[in-house]
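Chemist: Any chance you can model this:
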Amino acid sequence: MSSVLESVRFSVLDRSRTREGHDGPQALRDTVDFAREAEALGYHRFWVSEHHSVPGVAGSAPTVLAAAVAAATRSIRVGTGGVMLPNHRPLVVAEQFGVLESLFPGRIDMGLGRSVGFTDGVRKALGRDKEDASATDFADQVTELLGWFEGTSPTGVHARPAEGLRVPPFLLALGEGADVAAAAGLPLVIGDLRGRDKMLRGVERYRAAFRPSPWAAEPYVVVSGTVAVAATEERARRLLLPEAWAMARARTHGAFPPLAPAARIEALEMTQRERGYFEAGLTGQVHGTEDQVAAELEAVVKESGAQEVLVTTSTHDREAMYDSYRRLARVAGLRGA
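Modeler: Predicted coordinates for the structure are as follows:
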């Protein structure tokens, strides 16, 4: 057992991916079931994401889904990875997390990102454009949001029941976003594990510029990425095929489809362009046997100095996905492994 990995927390991000043969409502129910499994294995957090008008993702309302997850579990921390702040008014976000924290005290995390919709049509429907996701605007939105919890708004308006509550904020960021996290004195969630050099540069600039705040006295780094563990390296690689093919289809056809079975993907005759994106999607992912993944993650943790690893694994075969998380729990020395 690696003492390095036992010294850090391991958490889960689930994006409520749809699968061929299963609809969006089933994907959401699967997420709630998965949270129970993650809790039993001893993972520290379980986060859900925000995506809009993506055919392969059912998770469009993360605070609503987080409420369902928290209600179905007992001890695991529950949060968002993340609420895309440019899509919402900070007051409304504060109110939503205030309600969550009031209902599930001491278990709620507020993960925040600055992405807007993937297409012009989605952005128009949200009433946003690309400029709304600038680092400057995002920093202002974060400051306003935290102000609602601190009761420092100069408008005379109060965010109820958020005001006075302590909901830990995290920023999902890379590059300029890491600077925002450092300036605000907030924990940083940074990915992905494939682009390790870029990730490490982001961590370095975050730590160098970090300013202590009422929310965090010192830097806190969560590294995030895909991890797949199986009995053999080849089986672990097969777990990555459905997501890699979905990304290849999205890049070549403009639609992000539900996850397909690995066997069907292996039998496909891909175009040269599809094959290029598909192979790129498999490159650099952390996958392999328990020993192989332990060695890879230990290197990541040592290089980054991260205090936590946030893992996401999307594949068609849910039982194989559960097995991957069970094996990872053993690698990490979690209590339920």
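Chemist: CA atoms for contacts and neighbours, from now on please.
Modeler: OK.
Chemist: Pull out the buried residues from stretch 137-156.
Modeler: For stretch 137-156, the neighbour count (16 or more other Cα atoms under 10 Å) marks Phe138, Ala139, Gln141, Val142, Glu144, Leu145, Leu146, Gly147, Trp148, Phe149, Glu150, Gly151 as buried.
Chemist: Do I have it right that Pro90 meets Glu144?
Modeler: Yes - here Pro90 reaches Glu144: they are 6.4 Å apart, a contact under Cα atoms under 8 Å.
Chemist: Now, the buried residues of stretch 137-156 that are in helices?
Modeler: Phe138, Ala139, Gln141, Val142, Glu144, Leu145, Leu146, Gly147, Trp148, Phe149, Glu150 (DSSP state H).
Chemist: OK, contacts around the last one?
Modeler: Which is Glu150. Counting by Cα atoms under 8 Å, 6 or more residues apart in numbering, Glu150 touches Glu163, Gly164, Leu165.
Chemist: repeat that for 10 Å
Modeler: Shown in contact with Glu150 (Cα atoms under 10 Å, 6 or more residues apart in numbering): Glu144, His158, Ala159, Ala162, Glu163, Gly164, Leu165, Arg166, Pro214.
Chemist: can those go into JSON lines with extra columns for distance to Met84?
Modeler: JSON lines is the format used below for the contacts of Glu150 (distance: Cα to Cα, whole Å):
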{"residue": "Glu144", "distance to Met84": "14"}
{"residue": "His158", "distance to Met84": "22"}
{"residue": "Ala159", "distance to Met84": "19"}
{"residue": "Ala162", "distance to Met84": "19"}
{"residue": "Glu163", "distance to Met84": "21"}
{"residue": "Gly164", "distance to Met84": "23"}
{"residue": "Leu165", "distance to Met84": "21"}
{"residue": "Arg166", "distance to Met84": "20"}
{"residue": "Pro214", "distance to Met84": "23"}
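Chemist: Quick check: of the ones in helices among the buried residues of stretch 137-156, which lies closest to Ala267?
Modeler: Phe138 (44.3 Å; Cα to Cα).
Chemist: out of everything not next to it in sequence, what's closest to the closest one?
Modeler: Arg114 (6.4 Å; Cα to Cα, 6 or more residues apart in numbering).
Chemist: What's the mean pLDDT across the biggest strand by length in the chain?
Modeler: Longest strand of the chain, by residue count under DSSP state E: strand 221-229. For strand 221-229, the mean per-residue pLDDT is 96.
Chemist: Figure out how far it is from the centre of its chain.
Modeler: Offset of strand 221-229 from its chain centre (Cα atoms, centre = their mean, to the nearest Å): 9 Å.
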